[in-house]
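K.L.:
Okay, predicted coordinates and the sequence, questions at the end:
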Amino acid sequence: MKLSISHVTQYEYDAPAADSVNEIRLTPSTNERQSCYHQAIAIEPNASLFSYEDYFGNRVHAFSVNELHRKLTIRTQMTVVTREEPAPGEAPRRAAGRPAQEGWLWLTSEEAKNRFAEFLLPTAYTAMTPEIERFAHCVEAAAGEGGRTLSVLGWLEALSGKIRSDFAYDPEATTVTTKAADLLDNKRGVCQDFAHLMIACSRALGVPARYVSGYHFVGDLQGGTHFEQASHAWVEAYVPWLGWRSFDPTNETPVGERYVKLGHGRDYHDIVPVKGVYRGSGGQALKVTVDVRKVED
């Protein structure tokens, strides 16, 4: 699927601002499932961009605006070609004959803990609480008695489904500062909250998990060719012998050609699309517009 994506971020300041220093993480990853063929970034007021790759491998563009300004606009335009998940290779066939318990045991090994340390430790958004641990283990208990009868992959699929069924999608219920534990209390939230809860539960059972930021296109399914406000968040978890697998605790559809990945990190804080600081005495208003269109070949 060929997609044209426009992402506009605009700040308006109550009083003139100066020395605005910013980072943007809005460059789609290029991997076995997607390729970014074109990207253009424009800053108003005009500013030079400095590009680098962060610790997690995400492409970052940094810039500074030193002159006085009342408005800052960041426009990104990109063309991405996506594909369905690649066909299973040897790894799934090797994993198929292994007992479910073997995968769980590998996750307790020193090799796994050392290799995935940053995706196993709690963060501000995914802090461990007794309630989160109970929620994680209730998915396991629902699978049956007598130990872990589900494979790691099966448990992750069950967890994703339980979050979808137990919590209501409500964009007014939470903010960007909402933690995973808060969702358990509110029972309502958005994709960011669902992703953080799944990550926290996964780490509670020793499964490495990371937060993914990107876009989800469903415009053609709703009778059109484009879709506004398509920013989305989902989860990647490491499954023994299968590698990193994608899970969307918000939508039932598998993570496939309708998803465009921007990047990943330990939680939302690592992959904020636009963040920065400025010098000024007034407040600010933020407006974000995202438009994803399907391009016919």
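P.N.:
Received the coordinates, thanks.
K.L.:
going forward, measure contacts between C-alpha atoms and count neighbours the same way
P.N.:
Will do.
K.L.:
Show me this protein divided up by domain.
P.N.:
Following automatic domain parsing, one gets these domains for the chain: 2-82+273-294, 90-271.
K.L.:
next one: the last one to chain centre, how far?
P.N.:
Okay, so that is domain 90-271. The chain centre lies 10 Å from the centre of domain 90-271; the measure is C-alpha atoms, centre = their mean, to the nearest Å.
K.L.:
do the first one as well
P.N.:
The gap between where domain 2-82+273-294 is centred and where its chain is centred comes out at 17 Å by C-alpha atoms, centre = their mean.
K.L.:
looking at the domains of the chain, which is buried most?
P.N.:
Per residue and on average, the most neighbours among these fall to domain 90-271, with a mean of 18 (mean count of other C-alpha atoms under 10 Å).
K.L.:
Which elements pack onto the strand or helix carrying Ala15?
P.N.:
With secondary structure defined by DSSP states H and E, Ala15 is part of strand 2-24. Applying 3 or more C-alpha pairs under 8 Å, 6 or more residues apart in numbering; DSSP states H and E, we find strand 2-24 packed against strand 59-65, strand 69-82, strand 274-279, strand 284-294.
K.L.:
between the ones you listed, which gets nearest to Leu107?
P.N.:
Evaluated with C-alpha to C-alpha, the helices and strands packed on strand 2-24 place strand 59-65 nearest to Leu107, the distance being 29.4 Å.
K.L.:
The closest one: partners in the sheet, and parallel or antiparallel?
P.N.:
Partners of strand 59-65 in the sheet, by DSSP bridges, are strand 2-24 (antiparallel), strand 50-53 (antiparallel).
K.L.:
TSV please, covering these and showing mean pLDDT.
P.N.:
What follows is the strands paired with strand 59-65, written out as TSV (pLDDT from 0 to 100):
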stretch	mean pLDDT
strand 2-24	93
strand 50-53	96
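K.L.:
possible to save those strands as JSON lines with distance to Ile41?
P.N.:
Below are the strands paired with strand 59-65 laid out as JSON lines (distance: least, C-alpha to C-alpha, whole Å):
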{"stretch": "strand 2-24", "distance to Ile41": "10"}
{"stretch": "strand 50-53", "distance to Ile41": "12"}
